[in-house]
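Enquirer: Need a 3D model of the following:
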Amino acid sequence: MNSDFHKRHILALLSLISCCVCGNANDLEGSAPDTVIKSAEELFKEGEAYYQRKVYDTAFTRFGEAAQQGHAQAQYRYGNCLQQGKGTTSDPKQALAWYQKAAEQGVTEAQYKTALCLEAGTGAEKDTAQALQWYKKAAGQQHSQSQKILGDRYAEGKGVAQDLKGAVNWYTQAAEQGLAEAQYELGDCFMYGRGTVRNTEEGAHWYRQAADQGYAQAQCAIGNCYKEGIGIDPNPRLAFRWIRMAAEQGLTKAQNDLGVCYEQAVGTDKNEREAVNLYTKAAQKGYAEAQCNLGACYEKGLGVTKNNAEAINWYKKAAEQGNAQAQCQIAMCYKNGSGVTKSTTEMINWYKKAAEQGNAMAQCNLGNCYERGDGVFKNYSEAAFWYRKAAQQEYAEAQFHLGNLCYNGMGMEKNIEEAVNWYRKAAERGNATAQFNLGSCYYNGIGTEKDVPTAINWFKKAAEQDDAMAQSFLGYCYENGFGVEMDETEVAKWYGKAARQGDAKAQYKLGVCYYKGNGIQQNYEEAVNWFRKAAEQGYVSAQHNLGVCYDNGYGTEQDHKEAVVWYKKAAKQGDVSSQRVLRNKGISW
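Expert: You can find the predicted model right below:
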């Protein structure tokens, strides 16, 4: 039906009513009339009853009759039928007209629907300003959806000047009425300090309120709070549970995040195949982070056969959507020739794309390129610029490198105190080399007051992370009683750890431990083994000792010629003992 039909329908109704009311006097005085006039409320209730029974055409007629008599709720329901095409042909223009009639009488839902139509341009030209006014009228009557939408508009600055505090106000009103979407948005505001003071505990509270109502985005959010311990005590099992609930509702982000749980064994057994399955689901729906994660699985062969070409394919899909981590990964692929031909030009290009988006890893790597002259002209100032950007994002490796530039006055004025500050920041975030450097500063009183116990503490932290320099230095401290009690067992232990990582000095020292039986059972063969490893790296004392072992047959067959070979190597490096031995043998070097 069209609008002309509706007009004829209403005129017929009015004519019928007129006949009933305006008949001749005999009709009034005689027997009861054939037609009973029903009140608007009765007509509305009949319409509701027919609507519930899904007899939409009769419901539409009754709503129309009541609406013509000015019944506000009937006007709203009549408009709703016209919008949805129930009992009649859909007519957005007429639907809006009836919504407005009801809205002007204060029907909250009608005010809301009027706002929706005006904002979308349904049934009339789009009018954002008028829509906003109707949202406000409905919100003023505690309509939670309108309050939430107003929160969105103030947050986005859509149709109104952006006002983050105003957004929080509207979200709060809706959230307190129990609207899950608003609770989630309010949680976001507190979590990230948008329009209010950052309060992660409050953010987690509102996420949980919405999650308990089954709101998928909130379930994912509270799951990640449990995963990272943000605003709430960390709980891997609850993290997994909530993220899985959101993923089961089809939330793409949750599918990706659940994949991360399986890959990293967060709250569940490690299952790289399941991680790949979930990443694939989300990636195929265009979720950039999942595409990047899937690329990493193909690159590393996690849960899937290693395939560098497929890795690049997924990285590029994510990168084309502006995913900075994927752009950084592509740069590293070009650096290493993984799935693509090596190209420093492409490497720098992709690092810059990611770095300019604020990706800390890319910023640090780009700084490293400028520091080493890899793919660009060496430029310490530019290196410092990018290191600083990453360091300010608490990226530990960049903090360490920036500390080195400060320490050496490269790309900036030399500033030992600032260097120590950056070493400390990186060390506190677990960077082992920074922990060693910080320990060295405390040990020697460089850029800070000398404090040997604190130095030893940092050396131990670095050593426990397998930093070979720290392990070797700890061996030296235990050997000489610097900051610790002398302990031959600890000497052999720490020199041994560093030696196995290829530290030449530690290899030599471990050889001495085996030679003398200090802190370890004496074993000449092992002594020769470690002297040789250090000697082959050019460590002069090891070369001399290896010569001694060959000369005397300690731990190896006696071989004077081989002894001379090693004495000469040491002598040429200025070793006095080897020079004396060769001189006594009448051999020049």
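Enquirer: now the helices: where do they sit in the stretch 301-450 of the chain?
Expert: Along the stretch 301-450 of the chain, the segments classed as helices by DSSP state H, counting those that start in this stretch run 308-320, 324-336, 344-356, 360-372, 380-391, 396-408, 416-428, 432-444.
Enquirer: Quick check: buried residues in stretch 274-293?
Expert: 274-283, 287-293 (16 or more other CB atoms under 10 Å). Where C-beta positions appear, they are placed from N, C-alpha and C, glycine not excepted.
Enquirer: returning to what we had before: take the helices of the stretch 301-450 of the chain and lay them out in a markdown table including distance to Val564 and mean neighbour count.
Expert: Formatted as a markdown table, those follow (distance: least, CB to CB, whole Å; neighbours: other CB atoms under 10 Å):
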| stretch | distance to Val564 | mean neighbour count |
| --- | --- | --- |
| helix 308-320 | 51 | 20 |
| helix 324-336 | 44 | 24 |
| helix 344-356 | 47 | 20 |
| helix 360-372 | 41 | 24 |
| helix 380-391 | 47 | 22 |
| helix 396-408 | 42 | 24 |
| helix 416-428 | 46 | 21 |
| helix 432-444 | 38 | 24 |
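Enquirer: Looking at these, which is nearest to Ala542?
Expert: helix 432-444 (22.9 Å; CB to CB).
Enquirer: got the buried residues for whichever helix or strand comes after that closest one?
Expert: Following helix 432-444 in sequence order, the next helix or strand is helix 452-464 (DSSP states H and E). Using 16+ other CB under 10 Å as the test for burial, helix 452-464 gives 452, 454-463.
Enquirer: In a markdown table, list those residues along with distance to Val340.
Expert: Below are the buried residues of helix 452-464 laid out as a markdown table (distance: CB to CB, whole Å):
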| residue | distance to Val340 |
| --- | --- |
| Val452 | 50 |
| Thr454 | 47 |
| Ala455 | 45 |
| Ile456 | 46 |
| Asn457 | 45 |
| Trp458 | 40 |
| Phe459 | 41 |
| Lys460 | 42 |
| Lys461 | 38 |
| Ala462 | 36 |
| Ala463 | 38 |
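Enquirer: ok, these vs Ser472, which is closest?
Expert: The closest of those, once distances to Ser472 are taken by CB to CB, is Ala463, at 8.8 Å.
Enquirer: I'd assumed Cys477 was in contact with the closest one.
Expert: No - with contact defined as CB atoms under 8 Å, Ala463 does not count as touching Cys477 (10.4 Å).
Enquirer: Which one of the buried residues of helix 452-464 is nearest to Gly203?
Expert: Distances from Gly203 to the buried residues of helix 452-464, taken by CB to CB, are shortest for Lys461, at 32.4 Å.
Enquirer: could I get the helices of the stretch 301-450 of the chain as TSV with distance to Pro234?
Expert: Shown next, in TSV, are those (distance: least, CB to CB, whole Å):
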stretch	distance to Pro234
helix 308-320	28
helix 324-336	23
helix 344-356	29
helix 360-372	23
helix 380-391	26
helix 396-408	21
helix 416-428	19
helix 432-444	24
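Enquirer: nearest to Ala265, of those helices?
Expert: Of all those, helix 324-336 sits nearest to Ala265, with 21.2 Å by CB to CB.
Enquirer: middle-most residue in the chain, spatially?
Expert: The chain has Glu289 as the residue nearest its centroid, 8.9 Å off, counting by CA atoms, centre = their mean.
Enquirer: which residues touch that one?
Expert: 253, 256, 282, 318, 323, 325 (CB atoms under 8 Å, 6 or more residues apart in numbering).
Enquirer: what helix or strand is the second one on?
Expert: Secondary-structure assignment from DSSP H and E places Asn256 in helix 252-264.
Enquirer: Name the residues that touch that helix?
Expert: 216-217, 219-220, 223-224, 227, 239-240, 243-244, 246-247, 266-268, 270-272, 274-279, 281-282, 285, 287, 289-290, 293, 297, 302-303.
Enquirer: With stretch 109-116 instead?
Expert: 72, 75-76, 79-80, 83, 96, 99-103, 122, 131-135, 137-138, 141, 143, 145-146, 149.
Enquirer: Ok, stretch 98-108 next?
Expert: 67, 70, 72-73, 75-76, 78-79, 82-83, 110-111, 113-114, 117, 134, 137-138, 141-143.
Enquirer: can I assume Gly358 is in contact with Gln392?
Expert: No - with contacts counted by CB under 8 Å, Gly358 stays clear of Gln392, the gap being 10.2 Å.
Enquirer: Would you check how far apart Ala210 and Tyr395 are?
Expert: 32 Å (CB to CB, to the nearest Å).
Enquirer: just to revisit the earlier point, skip ahead from the helix holding Asn256 and say which helix or strand is next.
Expert: Helix 252-264 is succeeded, C-terminally, by helix 272-284 (DSSP H and E).
Enquirer: In terms of secondary structure, what does that next one contact?
Expert: Packing partners of helix 272-284 (3 or more CB pairs under 8 Å, 6 or more residues apart in numbering; DSSP states H and E): helix 252-264, helix 288-300.
Enquirer: Dump the ones you listed into a markdown table; add mean pLDDT and distance to Val420 as well.
Expert: A markdown table is the format used below for these (pLDDT from 0 to 100; distance: least, CB to CB, whole Å):
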| stretch | mean pLDDT | distance to Val420 |
| --- | --- | --- |
| helix 252-264 | 98 | 34 |
| helix 288-300 | 98 | 35 |
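Enquirer: Now render those as JSON lines, adding distance to Ala384.
Expert: Below are the helices and strands packed on helix 272-284 laid out as JSON lines (distance: least, CB to CB, whole Å):
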{"stretch": "helix 252-264", "distance to Ala384": "34"}
{"stretch": "helix 288-300", "distance to Ala384": "29"}
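Enquirer: and Thr200, which of the ones you listed is closest to it?
Expert: helix 252-264 (18.1 Å).
Enquirer: can you give me the angle that closest one makes with helix 288-300?
Expert: Angle, helix 252-264 to helix 288-300, by axes from the mean of the first three to the mean of the last three CA atoms, to 10 degrees: 30 degrees.
Enquirer: Please spell out which residues along helix 252-264 are buried.
Expert: Quick answer for helix 252-264 (16+ other CB under 10 Å): 252-263.
Enquirer: and what of stretch 490-501?
Expert: 490-500.
Enquirer: Please apply the same query to stretch 189-209.
Expert: 189-191, 195-196, 200, 202-209.
Enquirer: What is the most widely separated pair among those residues?
Expert: Farthest pair in the buried residues of stretch 189-209, by CB to CB: Gly195 and Arg208, 20.3 Å.
Enquirer: Settle it for me: which of Ala210 and Tyr395 has more neighbours?
Expert: More crowded of Ala210 and Tyr395, by other CB atoms under 10 Å: Ala210, with 26 against 23.
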